[in-house]
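> Quick one: sequence and predicted model below, then my questions.
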Protein chains: 2
Amino acid sequence: MTEDELIDSIKRLCHASTRPSMTSVKLGIGDDAALWQPSRSHRSAISSDMLVEGVHFTLTAMSLEDVGWRAMAANVSDLAAIGARPVLATVALGIPPRMAPENVLRLYRGLANCAACSKIAIVGGDLSRDDTFTIAITVVGEVSASSAKLRSGGKPGNVLAVTGPLGASRAGLALSRHAERLGEELETTALEAFRRPRPRDGEGRFFAASRNVTAMIDCSDGLSTDVHRLAEASGCGAELDDIPVAAAAKAFAQQHGYDPYRFALAGGEDFELVVAVRPRAFQHLALRYAKRFGRPLYRIGVLREGSGVTWNGAPLERSGWDHFAKEAL
Amino acid sequence: MTEDELIDSIKRLCHASTRPSMTSVKLGIGDDAALWQPSRSHRSAISSDMLVEGVHFTLTAMSLEDVGWRAMAANVSDLAAIGARPVLATVALGIPPRMAPENVLRLYRGLANCAACSKIAIVGGDLSRDDTFTIAITVVGEVSASSAKLRSGGKPGNVLAVTGPLGASRAGLALSRHAERLGEELETTALEAFRRPRPRDGEGRFFAASRNVTAMIDCSDGLSTDVHRLAEASGCGAELDDIPVAAAAKAFAQQHGYDPYRFALAGGEDFELVVAVRPRAFQHLALRYAKRFGRPLYRIGVLREGSGVTWNGAPLERSGWDHFAKEAL
C-alpha cells in the first residue's frame, strides 16, 4: 500500500463519517490544503495537541480505536474550554514501521467516530514514518467574539465549579493495567472514562452563552494544575473545599488504601470543564445546567484575592500531568 | 524549566516576531485555544504537516534554526499551492529527553523567522516528550472562493510550468552530507535552497488571481510525483519535455556522473509551484510573472488526454519522496 493508496482509504473512511449537514467544508482530504467557509459573525478558534505512545498512551491498555477516540476527544476538549463549536480537524500521524496500514485505519476509525459525535469533519493531515507512534491533531472551531471564555476572566469571589466527578479516567488506567476488580458497573464506567472520554463541547457552548461565566478551562491535566492555571491567569488565588470524586475512583482508592482525592486532584484526562461563575448567578446557572444536561454542576470552591491554591485550607501543589516537570527535558 | 516556563519563553519569542499588522489574531499562545477573526469575504484554508528527525531531516546536516525554518516553509508551501494567503500557524513538538530547553527555543527561532517572512503569527501548539524529535505544524490561511486553485482543475492542452529551477535542495543535501566542493557561489545557493527554502506564497497568490491558471500543486515531493498527482487529479496525462535544472544540481551531477534531470525530477523539497495554464494565456502570464517576480516562469510540458506522465516521450515513474513506498509500512 503506497501513501496515496492509504490516503484514499482514509479519505473514504472520513467521508463516510462526515454528515451532509457539515456544509461549511468546501474541500477535504486530498489536495494541498482543505478549504472551508467560516461563519461571518464568529471568530475562529484553533488548538493543536500531540500524543505520543509511551508518554500519553500505551497500546497495552487500550485498542487503536480507543487511542484515536481519546486523541480527538482531548483536542475537542480544548475548544470546549474556550466555548467554541468544533468544526473541523486535521490529523498528522507518525507511524512506526511495524504498524500495518490496517492498523492505521483502525486508529482512524476511532478518530472519525469521536469526530462524528462532535460533528467535526476530518479534512486533512499528513502521514509520516516515525520511530515513535505519534498523533498530532489540530481542531478548528467557531465562537462569537462576546462568548469566548478565557482562563483569565475570573474575579475574586467567583464560584469555581466542575462539570462532573473526577478521577474515573485515572481509575480506568489503573484497572486496565492491573486487571483489578471493582464490580462490573464501576469497572465499565472507569474503563469508558479512560478509553472513550466524552469531551464537554455542548457544555462549553452552554457556558459560553452565559455572561455570568467569567473564565473556563478543561481539567485534562489534573484539577490541581488546571485550577492553578485558571487562578494565575485571572490574577487570583483559589480555595477548593469540595471536590466530587468519581465512584470508581473512590472504590479503587478504598481498595488500595489511597487518598481518593489524589485521584480527583492529580489524575488528569477527565476532560471535565472548570468554570468561574459570578456568585449571585451560580444557583440559577447550576439549575439550568442540571435541566439541560441531566447532571449536576459541582461547586468546588471560590476564587479569592492573592495567589496560590488551597485545598481545605492547606496549600495545594500543582501536581497533574506536566510532561516536562516529570521528565528531565 | 517547567512546561509552563518554556511556554512563556516561546510566547515571548513568537510575540516579538509577530507584526502589529496581524490584527486578525485576537488571542495567541497561552489559553486552551487561539482565536482569530477570519476575513468575511474569503474561505479559510488549512494544512498540516509532520516532520520527523531521521526521516525528513537530520541535525548533522543543518542547525535547529534551519530545521524550524524548513518545517514552517513546507507548511506555507502547501497553502501557497492552493493560492491562499497564510495567516497563522500552530506548532506541536515532540521533544526527546536529551534536548535542552535552549534548543527548543533555537528551533522556535527558525520557525518564527520563516513565519515572519510570510507574515504568519504562531498562535499556539503543544509540547510533549517524545523519543523521536517530531515537529507537527498546522498553517491556516485565506483565499477567495473563486481564486482557490485545486490540483484537479487541469485540462488537456494546458501548459505546465514551474516557478523555478529544480534540484538545488537535493544538491544542498548532498553537499551538507559529504563536504563536496562546487565553488562558493553554487555551494551557497544549494545549501540555502536546502536549509532555508523560500515558500512561493506570493507566487501562489499571483496565480490564484488569474482565471487562466487551472490547477496548482507544490513540488515538495519531487516534480515527477507531483506532476503525476496533478495530472491524475485533473483526469489527464502529462508530457514533460523541458525541465529547468538548478545550476548547483547540474554542477554536482556532472562532477559525479549522475543524470542531472534525476535531481530535478526526484529530488524533492524544492518548494516551487507547478501550474497548469490555458495555452493561449501562457505567454502573457509568463511575461507578467517575470515582471512581478524578476524570475522566469518555466514551461515544462503540457497536459494531454489519457493518463500517465512521459518525459521526452518515455514513461516517467512516480519517484519522489513517498515515505511509505520507500519504507515498508
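All right, it came through fine. Numbers count the residues shown, from 1 in each chain, chains lettered A, B, ... in the order given.
> Just want the residue of the stretch 1-150 of chain A that's nearest chain B.
Closest contact between the stretch 1-150 of chain A and chain B, by C-beta to the nearest C-beta, is at residue A:136 (3.3 Å). (Each C-beta comes from the backbone N, C-alpha and C, glycine too.)
> Name the nearest residue to that residue, ignoring sequence neighbours.
Nearest residue to residue A:136, sequence neighbours excluded (C-beta to C-beta, 6 or more residues apart in numbering or on different chains): residue B:136, at 3.3 Å.
> Tell me how far the one you found lies from residue A:138.
8 Å (C-beta to C-beta, to the nearest Å).
> Kindly report the same for residue A:303.
Where residue A:138 is concerned, residue A:303 sits at a distance of 31 Å (C-beta to C-beta).
> same thing with residue A:128?
15 Å.
> Same question for residue A:222.
24 Å.
> next one: residue A:252
Distance from residue A:252 to residue A:138, by C-beta to C-beta: 34 Å.
> So for these two, which sits in the more crowded spot?
Neighbour tally, residue A:252 and residue A:138, criterion other C-beta atoms under 10 Å in any protein chain shown: the higher count belongs to residue A:138, 30 against 27.
> Without its sequence neighbours, what residue ends up closest to that one?
Residue A:138 sits nearest to residue B:138 (C-beta to C-beta, 6+ apart), 4.0 Å away.
> quick one: secondary structure of that neighbour?
strand (DSSP: H, G, I helix; E, B strand; the rest coil).
> correct me, but it touches residue A:137?
No. Residue B:138 is not in contact with residue A:137 according to C-beta atoms under 8 Å; the separation is 9.1 Å.
> shared neighbours of these two, which are they?
Contact criterion C-beta atoms under 8 Å, 6 or more residues apart in numbering or on different chains; residues shared by residue B:138 and residue A:137: A:48, A:90, A:92.
> from the residues you listed, which would you call buried?
The neighbour-count test (16 or more other C-beta atoms under 10 Å in any protein chain shown) applied to the shared contacts of residue B:138 and residue A:137 identifies A:48, A:90, A:92 as buried.
> Flag the shaky bits of the stretch 51-200 of chain A, pLDDT-wise.
By pLDDT under 70, the weakly predicted segments of the stretch 51-200 of chain A are A:179-180.
> Please repeat the previous calculation with a cut-off of 80.
For the stretch 51-200 of chain A, the stretches with pLDDT under 80 are A:177-182.
> ranges for the strands of it?
In the stretch 51-200 of chain A, the segments counted as strands under DSSP state E, counting those that start in this stretch are A:85-95, A:121-129, A:134-143, A:159-162.
> tell me how far the longest one is from the chain's mean position?
What that stands for is strand A:85-95. Distance of strand A:85-95 from its chain centroid, counting by C-alpha atoms, centre = their mean, to the nearest Å, is 14 Å.
> Taking their axis directions, that strand and strand B:134-143 sit at what angle?
140 degrees (axes from the mean of the first three to the mean of the last three C-alpha atoms, to 10 degrees).
> In contact with the closest residue to residue A:70 other than its chain neighbours, which residues are there?
Excluding its sequence neighbours, the residue lying closest to residue A:70 (C-beta to C-beta, 6+ apart) is residue A:197, at 6.3 Å. Neighbouring residues of residue A:197 by C-beta under 8 Å, 6+ apart: A:69-70, A:73-74, A:77, A:169, A:269-271.
> One more: residue A:175?
A:182, A:187, A:190-191, A:194, A:252.
> what's the answer for residue A:242, then?
Contacts of residue A:242 by C-beta under 8 Å, 6+ apart are A:298-301.
> how about 7 Å then?
Each residue near residue A:242 by C-beta atoms under 7 Å, 6 or more residues apart in numbering or on different chains is listed here: A:299-301.
> is it true that the residue nearest to residue A:138 touches residue B:46?
Yes. Here residue B:138 reaches residue B:46: they are 6.5 Å apart, a contact under C-beta atoms under 7 Å.
> Overlap of the contact sets of the two?
Common neighbours of residue B:138 and residue B:46 (C-beta under 7 Å, 6+ apart) are residue A:90.
> Around chain B, pick out the residues from the stretch 151-300 of chain A.
Residues of the stretch 151-300 of chain A lying near chain B by C-beta under 7 Å from any C-beta of the partner chain: A:151, A:217-218.
> of the residues you listed, closest to residue A:236?
Nearest to residue A:236 among these: residue A:151, at 10.9 Å, using C-beta to C-beta.
> The closest one: neighbour count?
22.
> ok, now residue A:25?
Neighbour tally, residue A:25, other C-beta under 10 Å: 17.
> what sits opposite it in the beta ladder?
residue A:36 (DSSP bridges).
> got a markdown table for the buried ones among the shared contacts of residue B:138 and residue A:137, with distance to chain B too?
A markdown table is the format used below for these (distance: C-beta to the nearest C-beta, whole Å):
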| residue | distance to chain B |
| --- | --- |
| A:48 | 4 |
| A:90 | 4 |
| A:92 | 4 |
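> if we can go back for a sec, can you select the buried ones among the contacts of residue A:197 for me in ChimeraX?
Restricted to buried positions by 16+ other C-beta under 10 Å, the ChimeraX selection for the contacts of residue A:197 reads:
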select /A:69,70,73,74,77,169,269,270,271
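> and the contacts of residue A:197, which two are the farthest apart?
A:69 and A:270 (15.0 Å).
> ok, so of the contacts of residue A:197, who is nearest residue A:226?
residue A:270 (9.9 Å).
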